[in-house]
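A.B. asks: how would this look folded up:
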Amino acid sequence: MTADGTATRERPGEVLVVSGTGTEIGKTIVTAALAAVARAHGRTVAVLKPAQTGIAAGEPGDVAETARLAGPLTAAELVRYPEPLAPATAARRCGLPPVATAVVAKTAAGLAAEHDLVLVEGAGGLLVRFDDEGATVADVAALLGAPVLVVAAAGLGTLNTAALTAEALRARGLTCPGTVVGRWPARPGLAERCNLTDLPRVTGVPLLGAVPEGAGALSPAVFRACAASWLAPALGGTWRPPATDGDHPV
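C.D. replies: All right, here's what the predicted structure looks like:
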């Protein structure tokens, strides 16, 4: 038992790092969907946000939004900086210390001792810096030996950024189970439909879901009921890629 009476596990739970190809692409909502599906399967979940930027003290951040949508879970945030900048820049500008990757990894490992699944949500893209020495969420994943799920955009430009992110993960010897489209439009155009076919080709990893644009505005009850339909079976859901125009001229 831990000091607060929580039962520890014989084996650590799973740790999954959720990163992305950039900012404002839906990482938090994808994280919430992953948590909701895991909870629906009876798993205990913790969500860790190492660095939250652009949120004032006392305001709800990303982990609060994840808990609101997914349901009861353990939410942890290590540092918060007021300006909406990369964590290293935001820390430097406000005179606060940066978050240390060793602390992030230790916190995640501690949560894994008490939960079935720990989701570590990065800030921005994979190589956004936590400090001026260049530490990133990729370094956290390396310390933990954890896989990195990549959240990608839906439209033009996503093939390049997703391929670069996958290449950076391979160069560091990190495992990537796949990508998830973070904001799938209600009326996808040709580029979006083709990207469903091309994302696995350019990244070398499977496409594991598409969370609809606006999913975060759903009521928590509807969000939890729908979450499994947005994620592939490898992530506990039922989603399968729809037929696309990726191989047929239009």
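A.B. asks: now do the helices in this protein.
C.D. replies: For the chain, the helices defined by DSSP state H occupy 27-40, 62-70, 87-94, 101-112, 137-144, 158-171, 190-203, 220-226.
A.B. asks: go through the second one and flag the buried ones.
C.D. replies: By that I understand helix 62-70. Asp62, Val63, Ala64, Glu65, Thr66, Ala67, Leu69, Ala70 (16 or more other Cβ atoms under 10 Å). Glycine gets a C-beta too; all of them are placed from N, C-alpha and C.
A.B. asks: what's the closest of those to Pro98?
C.D. replies: Asp62 (18.1 Å; Cβ to Cβ).
A.B. asks: distance of Val140 from Gly237?
C.D. replies: 25 Å (Cβ to Cβ, to the nearest Å).
A.B. asks: which one of the buried residues of helix 62-70 is nearest Asn160?
C.D. replies: Nearest to Asn160 among the buried residues of helix 62-70 is Asp62, at 25.8 Å by Cβ to Cβ.
A.B. asks: show me what contacts the closest one?
C.D. replies: For Asp62, the contacting residues are Lys27, Thr28, Thr31, Lys49, Gln52, Glu77, Glu121, by Cβ atoms under 8 Å, 6 or more residues apart in numbering.
A.B. asks: give me that answer again for 6 Å
C.D. replies: Applying Cβ atoms under 6 Å, 6 or more residues apart in numbering, we find Asp62 in contact with Thr28, Lys49.
A.B. asks: now do stretch 112-120: everything it contacts.
C.D. replies: Residues from elsewhere that reach stretch 112-120, judged by Cβ under 6 Å, 6+ apart: 6, 8-9, 12-18, 31, 34, 38, 43-48, 108, 111.
A.B. asks: in strands, which of these appear?
C.D. replies: Members of the contacts of stretch 112-120 lying in strands (criterion: DSSP state E): Glu14, Val15, Leu16, Val17, Val18, Val45, Ala46, Val47, Leu48.
A.B. asks: compute the number of surrounding residues for the fourth one.
C.D. replies: As a burial measure, the neighbour count of Val17 was computed by other Cβ atoms under 10 Å and equals 28.
A.B. asks: that one and Ala232: what is the separation?
C.D. replies: 18 Å.
A.B. asks: out of the buried residues of helix 62-70, flag the one nearest to Val103.
C.D. replies: Using Cβ to Cβ, the buried residues of helix 62-70 come closest to Val103 at Val63, 16.2 Å.
A.B. asks: how about the nearest residue to the closest one, chain neighbours excluded?
C.D. replies: Among residues not flanking Val63 along the chain, Ala75 sits closest, at 3.9 Å (Cβ to Cβ, 6 or more residues apart in numbering).
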